[in-house]
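Trainee: following is a predicted model, sequence given first.
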Amino acid sequence: MNVLLKDVTIVDDRSSWKGKKVSVGIENGIIKEIGNISGTYDRVLEGQELMLSVGWFDMRTTMGEPGTEHKEDLETASMAAARGGFTGIACMPNTKPAIQTKDAVAYLRSRTAQALVSAYPVASVTLNNQGKDLTEMIDLHHAGAVAFSDGDQPIWHTDVLLKSLQYVQMFDGLVINHAEDHLLTYGAQMNESEVSTRLGFKGFPYLAEELMVARDLRILEYTGGRIHFATISSPGSLELIKNAKKNGLQVTCDMAAYQLAFDEEHVQGFDTNYKVNPPLRTKADIQQFWKYIYEGVVDILVTDHIPQDTESKKLEFDLAEFGMNSLETFFPMLLASCDDQTFLTLLPKFTRAPRTLLKLEQPEIEIGKTADLTLFSCVDEWEVKPSEMRSRSLNTPLLGTKVKGKIKAVFHNQKLETF
Amino acid sequence: MEQQLSVRHLLGIKDLKAQDIQLILDTADNFKEVLNRPIKKVPSLRDITIANIFFENSTRTRLSFELAEKRLSADVVNFSASGSSVKKGETLLDTVNNILAMKVDMVVMRHASVGSPHFLSRHIQANIVNAGDGTHEHPTQALLDAFSIREKLGSLEGKKVCIFGDILHSRVALSNIFCLQKMGAEVMVCGPSTLLPRHIRDLGVKVELNLRKALEWCDVANVLRIQLERQTIKYFPSLREYSLYYGINKALLDSLNKEIVIMHPGPINRGVEITSDVADSAHSIILDQVENGVAVRMAVLYLLSQKK
């Protein structure tokens, strides 16, 4: 299929067309021409203030398959990812069984290799994410696992973390940890604060995250290797990570978009869609988060997409599951938490940075290169309608609301989808 | 026009205005007078059906509500399930919808989950009275406590009330703090440091770890039951040590050279948080609290029935 993107602004620091408003012609999945258009095209995409970037990449998707297909499967997760602007997703091993065999890894890679959205499996560090016995990480790496993590479970065992950081160095692998000391968060429902005190909820203390970050960094200093902290939610952790980076440790971290879009006060209405782990923090924390984002301490922004069915969410708050459905609303959430110009500066954090960290090929916006692109508008508004959600689950507090920031099209693997 | 509440459910004290509390206490005054008549029944809630739904064990609160409902001539149905109904495969919403399908006008609910009456209020039409939601609120207890203090001391304004014991797991403490503050009283909490929420000072209450100092400060001591059943984690080593350092006994009170009103929401662990000679002393208004509970609950139900 031949498509012309008419008068779009290229937003990509690495492109020689950076910042220019040009037309882009795509033929058979290849960027054929930029600027002076001579070819004829079957289809023209145009609109007001359209921006073109390389395809977005989400480093933290829970896709539900296998085990919880009633909440999401690879197909619905992929469709939701495309609607959210993503052409690549790293899938967490929060599955049953966990992603811990080379067959499972190879299956995921091959099933989406030619798809609009490529899924990259993150394999478990320990069997069944239980934090005890290491998986066969070399084998899993060769099968195509892009990193190792116990998903939403922390790698709590000190020696297991130490050994895994040593072990993955044989192939310069990456360990991703969800930093949470479970002994300090038993029964916790939300951020520990004045709000949790008023609501009578047990809270997640910042300490629970910071302690594990501090522990992990000290271990990293001892072992060497690479560690990545997922969905950081405490300014204290970010300060520790900042110092570790300054000291030359190979540490990176990400933050979820919902962490910037919402604060703990949203929990006061007991809407379980705001029940997430790590919990929503305070307005003052969000200001701190932005400081660390600007400083580059936060390397990557993620959706932390966790689909939950109605039966898991339409419940008493303490009985409801954690997690927010975020693939399709990542862009509006992020855009709502900053201005358009700031948003554009964040693009590398969900395009280039995760691909670099996971050692994946970088797409380029140049003539002759494969089209791996996301076309979007920062001004278009749309309503988050339940009937239009691609995800099998509807657990987003934005359901039924009007939001700003719309994905217009994604291109990848010679496929195009418009919205 | 007759005064009305600003809310149509009693989910928590937090949502009430000072005028609402005032109105409830004044209305309860009238009902208390009714309760002392030879014929204790009034027809105010005739043709109103109230469901008492208790997902957690309760003796006195349920009895008190039931008596209040019957004194108001309401039709009453009772439902109790130990533990969460979800564990039995039915959700809270289904359970309550089933009961509502039987055309119930008001629901009095106790549930172990924080926010469960709020959750319910979003999904059903009936007026809801929170009879305790987990570690969050127990609004009628706070109202009857306020009523009892007002009755004993004339007013709440400027009075010093200290709440003793397990503040961390207590819905009574939280509702009392909100209620007393709205009515102009000063509030202190006193207990072992592991049983005080880390951010409790942010609610504008004083914190005292020493029992004697707290007693020296207060006009009213509201002593809470030590809730061993709600503690999945050990917060203190033993009841013995607790009663040694946080138990209130007569010798201690006598040594203070001042009179303190003693309250307890019940049920009392005699000899643990409070000794019998204190619980049964002239300074204790523990049984007045029970009596006032009926009048206050009558007031709440009556006022809510005006809000359709």
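Mentor: All right, it came through fine. Source: prediction; values computed, not measured. Residues are numbered from 1 along each chain as shown, chains lettered A, B, ... in the order given.
Trainee: so residue A:193 sits against residue A:204, correct?
Mentor: No: look at residue A:193 against residue A:204 with C-beta atoms under 8 Å: they stay out of range, at 9.7 Å. For every residue, glycine as well, the C-beta is placed using N, CA and C.
Trainee: mind exporting stretch A:2-21 as CSV, just the C-alpha atoms?
Mentor: Output for stretch A:2-21, consisting of C-alpha atoms alone and laid out as CSV, is shown next (Å, rounded to 0.1, in the frame of the first residue of the first chain):
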residue,chain,number,x,y,z
ASN,A,2,1.2,3.5,-0.8
VAL,A,3,0.4,6.3,1.6
LEU,A,4,1.2,10.0,1.7
LEU,A,5,1.4,11.8,5.0
LYS,A,6,0.7,15.4,4.0
ASP,A,7,2.3,18.3,5.8
VAL,A,8,3.4,16.6,9.0
THR,A,9,5.9,17.9,11.5
ILE,A,10,8.8,15.5,12.0
VAL,A,11,9.5,15.1,15.7
ASP,A,12,12.6,13.0,16.0
ASP,A,13,15.9,14.3,17.2
ARG,A,14,17.9,11.9,15.0
SER,A,15,16.1,12.6,11.7
SER,A,16,17.7,15.1,9.3
TRP,A,17,14.1,16.4,8.8
LYS,A,18,13.8,17.2,12.5
GLY,A,19,11.3,20.0,13.2
LYS,A,20,10.4,20.4,9.5
LYS,A,21,6.8,20.4,8.3
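Trainee: in it, what's buried?
Mentor: Counting neighbours by 16 or more other C-beta atoms under 10 Å in any protein chain shown, one finds that the buried residues in stretch A:2-21 are A:3-6, A:8-12, A:15, A:17.
Trainee: next: stretch A:342-356.
Mentor: A:343-344, A:346-355.
Trainee: list the contacts of residue A:223.
Mentor: Counting by C-beta atoms under 8 Å, 6 or more residues apart in numbering or on different chains, residue A:223 touches A:162, A:165-166, A:169.
Trainee: how about it: what's its closest non-neighbour residue?
Mentor: Spatial nearest neighbour of residue A:223, excluding adjacent residues (C-beta to C-beta, 6 or more residues apart in numbering or on different chains): residue A:165 at 4.3 Å.
Trainee: distance of that neighbour relative to residue A:65?
Mentor: Distance check for residue A:165 against residue A:65: by C-beta to C-beta, to the nearest Å, it reads 29 Å.
Trainee: what about these two, which has more around it?
Mentor: The residue with more neighbours, out of residue A:165 and residue A:65, is residue A:165; 25 against 20, by other C-beta atoms under 10 Å in any protein chain shown.
Trainee: quick one: residues contacting the more buried one.
Mentor: If a contact means C-beta under 8 Å, 6+ apart, then residue A:165 has A:175, A:219-220, A:223-225, A:227 as its contacts.
Trainee: show me the buried residues of stretch A:342-356 that map onto helices.
Mentor: Where those overlap with helices, as defined by DSSP state H, the overlap consists of A:343-344, A:346, A:352-355.
Trainee: now the residue nearest to residue A:408 when sequence neighbours are not counted: how far from residue A:164?
Mentor: Distances taken as C-beta to C-beta, 6+ apart place residue A:375 nearest to residue A:408, at 4.5 Å, with adjacent residues excluded. With distances taken as C-beta to C-beta, residue A:375 is found 40 Å from residue A:164.
Trainee: who's more crowded, the two?
Mentor: Of the pair residue A:375 and residue A:164, residue A:164 is the one with more neighbours under other C-beta under 10 Å, namely 27 against 24.
Trainee: in a helix, that one, correct?
Mentor: Yes: assigned with DSSP: H, G, I helix; E, B strand; the rest coil, residue A:164 falls within a helix.
Trainee: just the pLDDT for it.
Mentor: Predicted confidence (pLDDT) for residue A:164: 98.
Trainee: quick one, helices of chain B?
Mentor: If DSSP H is used as the criterion, the helices of chain B fall at B:18-35, B:60-71, B:92-100, B:116-123, B:139-153, B:171-182, B:211-217, B:239-246, B:250-254, B:276-279, B:286-305.
Trainee: just the CA atoms of the least confident helix or strand in chain B by mean pLDDT, as PDB, please.
Mentor: Taking mean pLDDT, DSSP states H and E as the measure, the helices and strands of chain B show their lowest mean at helix B:92-100, namely a mean of 80. What follows is helix B:92-100 as a C-alpha-only set of coordinates in PDB (Å, rounded to 0.1, in the frame of the first residue of the first chain):
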ATOM      1  CA  LEU B  92     -21.300  -7.300  48.100                       C
ATOM      2  CA  LEU B  93     -23.200  -5.600  45.300                       C
ATOM      3  CA  ASP B  94     -25.200  -8.700  44.500                       C
ATOM      4  CA  THR B  95     -26.000  -9.400  48.200                       C
ATOM      5  CA  VAL B  96     -27.300  -5.900  48.700                       C
ATOM      6  CA  ASN B  97     -29.200  -5.800  45.400                       C
ATOM      7  CA  ASN B  98     -30.900  -9.000  46.400                       C
ATOM      8  CA  ILE B  99     -32.100  -7.400  49.600                       C
ATOM      9  CA  LEU B 100     -33.100  -4.300  47.800                       C
END
